[in-house]
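Visitor: Give me the fold of what follows.
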Amino acid sequence: MRSLVVYFSRTGTTRKVAELAARSLGADLVELHTQPYGLGLLHYVRAAYDSVKGRLPRIEYDRIEAASYDFVLLLSPVWAGHAATPMRAYATETKGIKRAAAVLCCGGHAPPRAFDELAELAQVRLEKRVVLRQADVKRSATLPADLEQFLAFIRSA
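Guide: The predicted structure is shown next:
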């Protein structure tokens, strides 16, 4: 099964999970890039503000057609209760995803509506929704057991 892992990471936490997941799946890996969200307090505030307002940035990435893959895993941090704006921009412009799952990395919690919004933008049903806390990701060198079990299921399909 051809798999694609698409992610955005501002601090590196989501990148770590994406790389582990891509390795586990033997998947192609695509990182989303955007200019406005660097590190530091001002960038953090801008990211939260844009997230609440629904302002989607221009994103850059290797233009791989997600529709040509059997499975797509979307990974994003949570910003102000939503998937990060670069991931929402990707979901908005990507069409034809057949099967998908999403992983949201956060400092506290990820509300279910963040997954619902992502699924609606990408026009796909999410087979699995996983919330990972930033502190847990930083402490571990492996994927959480429930995510690894799901990826094993995808590999065997």
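Visitor: CA atoms for contacts and neighbours, from now on please.
Guide: Noted.
Visitor: Let me see the contact set for Ser76.
Guide: In this structure, Ser76 makes contact with Tyr7, Phe8, Ser9, Thr14, Ala83, Ala84, Met87, Val103, Leu104, Cys105, judged by Cα atoms under 8 Å, 6 or more residues apart in numbering.
Visitor: So, low pLDDT: which residues of this protein?
Guide: When residues are selected by pLDDT under 70, none of them lie in the chain.
Visitor: ok, 90 please
Guide: 1, 35-44, 46-47, 63-64, 107-111, 133-148, 150, 153-157 (pLDDT under 90).
Visitor: The residue sitting furthest away from the middle of it sits in which helix or strand?
Guide: Of all residues in the chain, Leu42 sits farthest from the chain's C-alpha centroid, using Cα atoms, centre = their mean; the distance is 22.8 Å. Per DSSP states H and E: Leu42 is located in helix 41-53.
Visitor: Residues in contact with that helix: which ones?
Guide: When contacts are defined by Cα under 8 Å, 6+ apart, helix 41-53 is touched by residues Pro36, Tyr37, Gly38, Leu56, Trp79, Ala80, Gly81, His82, Ala84, Thr85.
Visitor: In strands, which of those appear?
Guide: Trp79, His82 (DSSP state E).
Visitor: Show the buried residues in the contacts of helix 41-53.
Guide: When neighbours are counted using 16 or more other Cα atoms under 10 Å, the contacts of helix 41-53 contain these buried positions: Tyr37, Leu56, Trp79, Ala80, Gly81, His82, Ala84, Thr85.
Visitor: Can I get those in CSV including distance to Arg2?
Guide: Written out in CSV, the entries for the buried ones among the contacts of helix 41-53 read as follows (distance: Cα to Cα, whole Å):
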residue, distance to Arg2
Tyr37, 31
Leu56, 28
Trp79, 30
Ala80, 33
Gly81, 31
His82, 28
Ala84, 25
Thr85, 26
